[in-house]
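Novice: What follows is a predicted structure for the sequence shown.
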Amino acid sequence: MLEIGWNLLFTVINLVILFIAMKIFLFKPVRKIIAKRQEEADSLRNEAEAMKAEAKKTKAEYEKALAKTKDEREDILTTARHMADEEAEKILADAREEAKEIREAAEDEGERRKERIIAEAGKEIADMVAGATAKAMGDTDDAALYDAFLDKVEGKA
């Protein structure tokens, strides 16, 4: 049994030495590598969170700018519509004024034509009456008859 005891003792000592050697040469470097990788992972996670926060901030700014652009577009469209309505009203008012002037000019021209036609008709009637009277009476003063007829016609017109 003694031999087993010494073997057992040497085996235990070998195991202790092996454990210490593994602890120094294997476990410490592995723990350092794991710690280093954990730090890198934490660093990457923090960087990703910072980028995510920056992306959210940028998105919020973009949405705000987009809303502002929409508001500006609506303002511009409203202003353009208002200006177009004003311009249309101005054009319509000018057209109405021009139409009124044309109508008045046409009425004046019609009145002048009417008066000219009446005057020409009066002359023709006077000439016909003078001719008929001259034939009926013989040679009389045509000018006196003509003036008398014109006075009657002008008094009625």
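Specialist: Looks like it arrived, so ask away. Numbers count the residues shown, from 1 in each chain.
Novice: C-alpha from now on. contacts and neighbour counts both.
Specialist: Will do.
Novice: Where does the prediction get shaky in this structure?
Specialist: 1-5, 134-142, 145, 156-157 (pLDDT under 70).
Novice: Just the element for D94, please.
Specialist: Taking DSSP states H and E as the criterion, D94 maps to helix 28-137.
Novice: Now do that helix: which elements does it pack against?
Specialist: Counting contacts by 3 or more Cα pairs under 8 Å, 6 or more residues apart in numbering; DSSP states H and E, helix 28-137 is packed against helix 142-156.
Novice: Distance check, L66 against R73.
Specialist: From L66 across to R73, the span is 10 Å (Cα to Cα, to the nearest Å).
Novice: meant to ask about A99, not that
Specialist: Using Cα to Cα, one gets 38 Å for the distance from A99 to R73.
Novice: for A93, same thing?
Specialist: Distance of A93 to R73, given as Cα to Cα: 30 Å.
Novice: Repeat that for F19.
Specialist: To R73, F19 is 76 Å away according to Cα to Cα.
Novice: now do Y146
Specialist: Taking Cα to Cα as the measure, Y146 falls 81 Å from R73.
Novice: between these two, which one's more packed in?
Specialist: Per other Cα atoms under 10 Å, whichever of Y146 and R73 has more neighbours is Y146, with 18 against 12.
Novice: so who does the more buried one touch?
Specialist: The contact partners of Y146, by Cα atoms under 8 Å, 6 or more residues apart in numbering, come to 126-127, 130.
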